[in-house]
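# Got a sequence here, can you build the structure:
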Amino acid sequence: MACLSESRQLYNEMLATLQAQYEQDGTFPTKYDLNKQFAGRGSEHVPASTIQMLSDRLSKALKRFLAGRSLGVPDVGFPRFKKPNRWHSIQLRQHKTDFQLAPGGKHLVIPKKLGGAVKIKLHRPLEGTPKTAHLVHRADGHWYALLVCETEPHTEHTPRVCEHPAIGIDVGLKSFLTDSEGRTVDNPHYYRKSQKTLRRQQRTIDRRKKGSKRRRKAARSTAQTHLKIKRQRQDFHYKVAKPYAERYQVIAVEKLNIEGMVKNHHLAKMLSVW
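Coordinates of the predicted model:
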């Protein structure tokens with residue numbers, strides 16, 4: 001947790017440095033400039049590679065903002081200073097130097113500043129070569145290690161000789177989807193089923209005094225409910241998509257402007273499941 005807090009502070013300092021340089025001469029520092037300026041600022045809890053990942057993260061956020069502004073996208077905002085409730089991950093960038101899966105797959109070796117090694121539950125074998133790792137603290141209070149691996153592209157057969165048929169899918173409000181073969185999938189409405197619980201939890205937060213431990217405890221409970229809804233949706237999406245991906249060569253889906261449609265307050269909750 002100390003690394004999480006200090007890495008957030010370093011990110012905010014980098015953002016302040018970026019803003020100061022722009023106000024001074026109208027230019028933005030590159031990630032290499034930030035790496036040079038913040039080298040050695042990792043203290044006893046933040047690894048050096050994590051500082052490089054922080055500058056890379058800020059540079060990507062800035063590029064997204066500049067690209068969106070050049071295209072006239074109104075919803076792309078300038079990178080913001082991060083509060084504790086908006087900062088949940090630690091990034092490690094070098095395999096075997098910053099992180100490594102121990103033999104047997106029961107421990108993840110990480111820098112000594114982060115504890116040296118942590119016990120993990122490996123839910124499936126790694127495929128390919130690990131490249132980066134993200135240590136994420138979820139609302140349920142557990143830490144998760146997300147390992148990004150590079151794999152060789154592979155396919156059972158080339159598209160030219162594929163005998164799988166094509167199918168069209170139409171998403172809707174009453175049913176989650178209807179395909180061109182007449183099959184429909186019902187919308188599970190996970191959020192609506194949890195609305196009563198969320199209302200009660202939100203009222204509890206409002207009754208608590210700001211800054212108190214009881215308010216933070218109530219906020220954690222609400223965050224856990226939102227996390228459960230998110231996981232329910234993800235699980236539902238994966239289970240619906242898998243049969244289509246395995247049985248069909250081409251899947252045609254209607255192109256919809258979801259961002260514009262969710263601005264309709266009467267439909268936003270129904271559309272958010274997509």
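# could you pull out the strands for the stretch 1-150 of the chain?
89-92, 100-101, 107-109, 117-119, 129-137, 143-150 (DSSP state E, counting those that start in this stretch).
# quick one, which of those strands is packed in tightest?
Greatest average neighbour count among the strands of the stretch 1-150 of the chain goes to strand 89-92 (a mean of 21), per mean count of other CB atoms under 10 Å. C-beta here means a position set from N, CA and C on the backbone, and glycine is covered the same way.
# helices or strands up against that strand?
If you count contacts as 3 or more CB pairs under 8 Å, 6 or more residues apart in numbering; DSSP states H and E, strand 89-92 packs onto helix 2-25, helix 48-71, strand 129-137.
# Tabulate those in TSV, adding columns for mean pLDDT and distance to residue 110.
Listed next are those as TSV, based on pLDDT from 0 to 100; distance: least, CB to CB, whole Å:
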stretch	mean pLDDT	distance to residue 110
helix 2-25	90	10
helix 48-71	88	11
strand 129-137	88	8
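# Can you tell me which of the strands of the stretch 1-150 of the chain is nearest to residue 62?
strand 89-92 (17.0 Å; CB to CB).
# Quick one: mean pLDDT over that closest one.
Taken as a whole, strand 89-92 carries a mean pLDDT of 87.
# Please spell out which residues along the helix ranked longest in the chain are buried.
Longest helix in the chain, counting residues (DSSP state H): helix 213-247. Across helix 213-247, burial judged by 16 or more other CB atoms under 10 Å covers 215, 218, 219, 222, 223, 225, 229, 232, 233, 236.
# Reformat the residues you listed as JSON lines; add pLDDT and distance to residue 39.
Formatted as JSON lines, the buried residues of helix 213-247 follow (pLDDT from 0 to 100; distance: CB to CB, whole Å):
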{"residue": "215", "pLDDT": "93", "distance to residue 39": "39"}
{"residue": "218", "pLDDT": "94", "distance to residue 39": "41"}
{"residue": "219", "pLDDT": "92", "distance to residue 39": "36"}
{"residue": "222", "pLDDT": "93", "distance to residue 39": "40"}
{"residue": "223", "pLDDT": "92", "distance to residue 39": "35"}
{"residue": "225", "pLDDT": "94", "distance to residue 39": "42"}
{"residue": "229", "pLDDT": "92", "distance to residue 39": "42"}
{"residue": "232", "pLDDT": "94", "distance to residue 39": "44"}
{"residue": "233", "pLDDT": "91", "distance to residue 39": "42"}
{"residue": "236", "pLDDT": "93", "distance to residue 39": "46"}
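# Verify the stated contact: residue 4 with residue 137.
Yes. If you go by CB atoms under 8 Å, residue 4 and residue 137 touch, sitting 6.5 Å apart.
# anything in contact with each of those two?
88, 89 (CB atoms under 8 Å, 6 or more residues apart in numbering).
# domains for the protein, by residue range?
Per the record, the chain has its domains at 2-87, 90-150, 164-271, by automatic domain parsing.
# so how far is the second one off the chain centroid?
Pointing back at domain 90-150 there. Distance of domain 90-150 from the chain centroid (CA atoms, centre = their mean, to the nearest Å) equals 16 Å.
# Next, the distance between the ends of that domain.
20 Å (CA to CA, to the nearest Å).
# Mind pulling up the pLDDT for residue 155?
64.
# how about the CA coordinates for stretch 130-145, as PDB?
Provided in PDB are the C-alpha atoms of stretch 130-145 (Å, rounded to 0.1, in the frame of the first residue of the first chain):
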ATOM      1  CA  PRO A 130       5.700 -12.300 -20.100                       C
ATOM      2  CA  LYS A 131       6.300  -8.600 -20.800                       C
ATOM      3  CA  THR A 132       4.700  -6.500 -18.200                       C
ATOM      4  CA  ALA A 133       2.900  -6.900 -14.900                       C
ATOM      5  CA  HIS A 134       0.200  -4.900 -13.100                       C
ATOM      6  CA  LEU A 135      -0.500  -5.300  -9.400                       C
ATOM      7  CA  VAL A 136      -4.100  -4.200  -8.900                       C
ATOM      8  CA  HIS A 137      -5.900  -3.600  -5.700                       C
ATOM      9  CA  ARG A 138      -9.700  -4.200  -6.200                       C
ATOM     10  CA  ALA A 139     -12.600  -3.100  -4.100                       C
ATOM     11  CA  ASP A 140     -13.000  -6.500  -2.600                       C
ATOM     12  CA  GLY A 141      -9.700  -5.900  -0.700                       C
ATOM     13  CA  HIS A 142      -7.600  -8.400  -2.600                       C
ATOM     14  CA  TRP A 143      -4.600  -7.800  -4.800                       C
ATOM     15  CA  TYR A 144      -4.500  -9.200  -8.400                       C
ATOM     16  CA  ALA A 145      -1.500  -9.700 -10.600                       C
END
